[in-house]
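What would the 3D arrangement of this be:
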Amino acid sequence: MSATTLDTRAGTQADRFDMAAAPLRVGIVTLAVRDAARVAAFYRDILGLEDLGTDGADALLGAGGVPLLRLRGDAGLEIAPRSEAGLFHTAFLLPTRADLGRWLAFAAARGLRLQGASDHKVSEAIYLADPEGNGIEIYADRAPSAWTDATGAIVMSTDPLDAPSLLAAAEGTQWQGAPAGTIVGHVHLQVGATDKADGFYAGLLGFDIAARYPGASFYGSGGYHHQLAGNIWNSRGAGPRKDGRTGLAELEIVLRDAGRIGAIADAARAAGLELAGERSEGLVIADPWATRLRLSAA
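Sure thing, here's the model as predicted:
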């Protein structure tokens, strides 16, 4: 099936995955950065996120009034090495393919330095990084009916992006910033070992293993191709992350069933895992590489 044929199936609300209905989804991503003003300006100017003010000392940015990204500034932080576990990229999901086409035209006009662009069958994606090296994906999904093979299994690949077709989808309209409905569709993590990541993210938290690549697992919930992923491409054998470094400070995972949070806490204690704390905002837990997760109720 051609990419063009697939694209005709992903234009209406009915053809889009209902992320709010998934048992688990990504909430707010918190990054620790050295220069919060510079990084915030990048996400506003380049990704079109809105400035939503502050949460304590942290800057909040989002789309349609919904917070998506928190920036925690500390000029004394050390830039995290590429081989450390933590963030591979934060993936911002745009509502439509036309939105992605508009952003690509904007990026080309601005002469932005991109790190890649791919057709993943389930989605079309463009990659870049913020000024402190935090990876970013900006993408649009195809219709869920195009994600699976004849057996119902999700099939993903990394093929060249059809940029001319994507630009044509914008129909001559211009990028006006991240539209309402933009969300963090997934977060891709660097881990030290995929089997250990599978045990934590699938075994403990309850994600499905939706797909695998060499050196990577993709974790989905509610039939989505992935709300999380973990790879060892740069970080094979990595140990726990060190304090005082930039990168992913905290990742919020939102659960539709609040009762699951207590069950996860009980299972974590039974497995001998330490919980960073249980607060009114949700359960705080760390993965095997000290990446901090906050589990909160929808």
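
which strands and helices sit next to the helix or strand hosting residue 53?
Using DSSP states H and E, residue 53 sits within strand 50-55. When contacts are defined as 3 or more Cβ pairs under 8 Å, 6 or more residues apart in numbering; DSSP states H and E, strand 50-55 sits against helix 36-45, strand 58-63, strand 66-73. All C-beta spots, glycine's among them, are computed from the backbone N, C-alpha and C.

and these as TSV, adding distance to residue 259 and mean neighbour count?
Converted to TSV, the helices and strands packed on strand 50-55 look like this (distance: least, Cβ to Cβ, whole Å; neighbours: other Cβ atoms under 10 Å):
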stretch	distance to residue 259	mean neighbour count
helix 36-45	35	17
strand 58-63	28	21
strand 66-73	25	21
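
So for residue 165, which of the ones you listed sits nearest?
Checking the helices and strands packed on strand 50-55 against residue 165 by Cβ to Cβ gives strand 58-63 as the closest, at 24.9 Å.

Isn't residue 296 up against residue 250?
No - Residue 296 lies out of contact with residue 250 (Cβ atoms under 8 Å); the separation is 11.0 Å.

sorry, back to before: sheet partners, orientation included, of the strand holding residue 53?
strand 58-63 (antiparallel) (DSSP bridges).

ok, now which ones touch residue 282?
252, 261, 294-297 (Cβ atoms under 8 Å, 6 or more residues apart in numbering).

Looking at strand pairing, list the partners for it.
residue 279.

can you give me the helices for the protein?
Taking DSSP state H as the test, the helices found in the chain are 3-7, 36-45, 97-110, 163-169, 194-197, 259-270.

Of these, which is nearest residue 72?
Nearest to residue 72, of the helices of the chain and by Cβ to Cβ, is helix 36-45 at 7.3 Å.

And the contacts of that closest one?
In contact with helix 36-45 (Cβ under 8 Å, 6+ apart) are residues 31, 33, 49-51, 59, 61, 69, 71-73, 130-132, 134.

Point out where the stretch 151-298 of the chain drops to low pLDDT.
Scanning the stretch 151-298 of the chain for pLDDT under 70 picks out the ranges 277-281.

Could you check the pLDDT of residue 10?
We have a pLDDT of 46 for residue 10.

ignore the last one, residue 55
pLDDT at residue 55 comes out at 77.

Quick check: bridge partners of it?
Here residue 55, judged by DSSP bridges, has bridge partners residue 58.

Neighbours of it, how many?
When neighbours are defined as other Cβ atoms under 10 Å, residue 55 has 14 of them.

thought it was touching residue 71?
No - using Cβ under 8 Å, residue 55 is not in contact with residue 71; the gap is 10.0 Å.

Now do the contacts for residue 268.
Residue 268 touches 204, 275, 285, counting by Cβ under 8 Å, 6+ apart.

I figured the last one hits residue 291, correct?
Going back to what we said before, that points to residue 285. No - Residue 285 sits out of contact with residue 291 when judged by Cβ under 8 Å, with a separation of 9.8 Å.

Next one: the residue nearest to residue 239 when sequence neighbours are not counted from residue 86, what distance?
Spatially, and ignoring its direct neighbours in sequence, residue 239 is nearest to residue 192 (6.6 Å; Cβ to Cβ, 6 or more residues apart in numbering). Using Cβ to Cβ, to the nearest Å, we find residue 192 at a distance of 11 Å from residue 86.

Near the closest residue to residue 149 other than its chain neighbours, how many other residues are there?
Nearest non-adjacent residue to residue 149, counting by Cβ to Cβ, 6+ apart: residue 155, 5.0 Å away. If you count neighbours by other Cβ under 10 Å, residue 155 ends up with 15.

neighbours around residue 214, how many?
8.

just residue 95 next, same as before
19.

show me what contacts it?
Neighbours of residue 95 in contact, by Cβ under 8 Å, 6+ apart: 16, 140, 179-182.

Counting neighbours, which of the contacts of residue 268 comes out on top?
residue 285 (24 neighbours).

Now do the contacts for the closest residue in space to residue 248 that isn't next to it in sequence.
Of all residues not flanking residue 248 in the chain, residue 87 sits nearest, at 3.9 Å (Cβ to Cβ, 6+ apart). For residue 87, the contact set (Cβ under 8 Å, 6+ apart) comprises 31, 134-135, 187-190, 247-248.

for residue 173, same thing?
98, 102.

how close does the nearest residue to residue 292 once chain neighbours are set aside sit to residue 187?
Spatial nearest neighbour of residue 292, excluding adjacent residues (Cβ to Cβ, 6+ apart): residue 250 at 4.6 Å. For residue 250, the distance to residue 187 equals 11 Å [Cβ to Cβ].
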